[in-house]
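Peer 1: Build me a model:
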Amino acid sequence: MQNEGIKKNQSLRKALEILEGMTRMESPFRLQELSTHLDMSPSTVSRFLNTFIDYGYVNRDASTSFYYLTMKFAAIGERVRSKFPFQQTLTKYVKEVSNHFNESASLCVENNMQMVYIATEDGPRQMLRNLQRIGHIAPMHATGVGKVHLMNYSESNLNELMKNRGLTKITAQTITSLAELKVEIEKIRNQGYAIDDEECELGVRCIAIPVQDYTGKVIAAISLSAPKNRLEGEQIQIVADYLLDVKQRASHEMGWGQH
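Peer 2: Next comes the predicted model:
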């Protein structure tokens, strides 16, 4: 029975290798091309392809004998994406950041051109609790978590944000110019993180990093917030460097950088 289990695992592994190999083919392919690419015998690859055809994952053009993947994979991928509870996966990073710096941390996502807090850690000092409660809605242009999400935005998206939400002045530090906001977004792209320097709440600084999925799209943001006097000078770069490491690990879990 043990050997049978090993054989089943090996078969599944081979099936997955073939499927992944097909995704790397630049166009429809012949059996021999795929078997050469995978360094497998044509007879082995053929058996798996026939099974994939039976289940609707692969098609074969009868006139050319070319194989190609069907859109069934796209449908499955969309169902997985729509139901994937990434906020649960990413919550551990929020707790890690909060515990490491003894400050408040949050996980936020965009909804209808606004930011929604979906997970928070108050930190042992229990500061900023009102600002970062779960379900809290915040503007994109005035928060670190919002500004990293704006990296997803095209020129037309930014114009739509300006039209529908405006760039309301919340504090003296809030960015209210679209031109200035574009400069800020480019700066965030270059350094990999955003800073909210009392732009949403006086006396509070926030550093936020994007979490990206397999397409490179920003799907969430993780931030650390603290009173201004506890997040200044060299401490800003210390926190930023730590968060950039979190960004790499969290995004990797979401499929970013995996090819």
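Peer 1: Where in the chain is the helix or strand with the lowest mean pLDDT?
Peer 2: When the helices and strands of the chain are compared on mean pLDDT, DSSP states H and E, helix 72-83 comes out lowest with a mean of 76.
Peer 1: Alpha carbons only: can I get that helix in CSV?
Peer 2: Output for helix 72-83, consisting of C-alpha atoms alone and laid out as CSV, is shown next (Å, rounded to 0.1, in the frame of the first residue of the first chain):
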residue,chain,number,x,y,z
LYS,A,72,-11.0,26.2,-18.0
PHE,A,73,-7.9,27.1,-16.1
ALA,A,74,-8.8,30.8,-16.3
ALA,A,75,-12.2,30.1,-14.9
ILE,A,76,-10.7,28.1,-12.0
GLY,A,77,-8.1,30.7,-11.4
GLU,A,78,-10.8,33.4,-11.1
ARG,A,79,-12.9,31.3,-8.7
VAL,A,80,-9.8,30.8,-6.5
ARG,A,81,-8.9,34.5,-6.7
SER,A,82,-12.4,35.6,-5.8
LYS,A,83,-12.6,33.3,-2.8
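Peer 1: now for the helix or strand following that helix, which elements pack on it?
Peer 2: With elements assigned by DSSP states H and E, the helix or strand that comes after helix 72-83 is helix 86-101. With contacts defined as 3 or more C-beta pairs under 8 Å, 6 or more residues apart in numbering; DSSP states H and E, the secondary structure elements packing on helix 86-101 are strand 104-111, strand 114-121, strand 218-227, helix 234-253. For the C-beta atoms, the positions are set from N, CA and C on the backbone; glycine is no exception.
Peer 1: now the angle from the least confident helix or strand of the chain to strand 218-227?
Peer 2: Computed with axes from the mean of the first three to the mean of the last three C-alpha atoms, to 10 degrees, the direction of helix 72-83 lies at 20 degrees from that of strand 218-227.
Peer 1: Residues touching helix 72-83, excluding its own?
Peer 2: Residues from elsewhere that reach helix 72-83 (C-beta atoms under 8 Å, 6 or more residues apart in numbering): Gly56, Tyr57.
Peer 1: returning to that earlier point: lowest-confidence stretch among the helices and strands packed on helix 86-101?
Peer 2: For the helices and strands packed on helix 86-101, the bottom mean pLDDT is recorded on strand 114-121, which sits at a mean of 90.
Peer 1: circling back to that earlier point, minimum distance to Ser35: which of the helices and strands packed on helix 86-101 has it?
Peer 2: helix 234-253 (31.4 Å; C-beta to C-beta).
Peer 1: picking that back up, could you dump the helices and strands packed on helix 86-101 into TSV with distance to Gly146 added?
Peer 2: TSV is the format used below for the helices and strands packed on helix 86-101 (distance: least, C-beta to C-beta, whole Å):
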stretch	distance to Gly146
strand 104-111	8
strand 114-121	5
strand 218-227	8
helix 234-253	16
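Peer 1: Quick check: which of these is nearest to Ser43?
Peer 2: The minimum distance between Ser43 and the helices and strands packed on helix 86-101 falls on helix 234-253, with 36.9 Å, by C-beta to C-beta.
Peer 1: returning to that earlier point: mind putting the helices and strands packed on helix 86-101 into a markdown table with mean neighbour count and distance to Gln88?
Peer 2: As requested, the helices and strands packed on helix 86-101 are arranged in a markdown table below (neighbours: other C-beta atoms under 10 Å; distance: least, C-beta to C-beta, whole Å):
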| stretch | mean neighbour count | distance to Gln88 |
| --- | --- | --- |
| strand 104-111 | 24 | 10 |
| strand 114-121 | 20 | 9 |
| strand 218-227 | 25 | 12 |
| helix 234-253 | 16 | 11 |
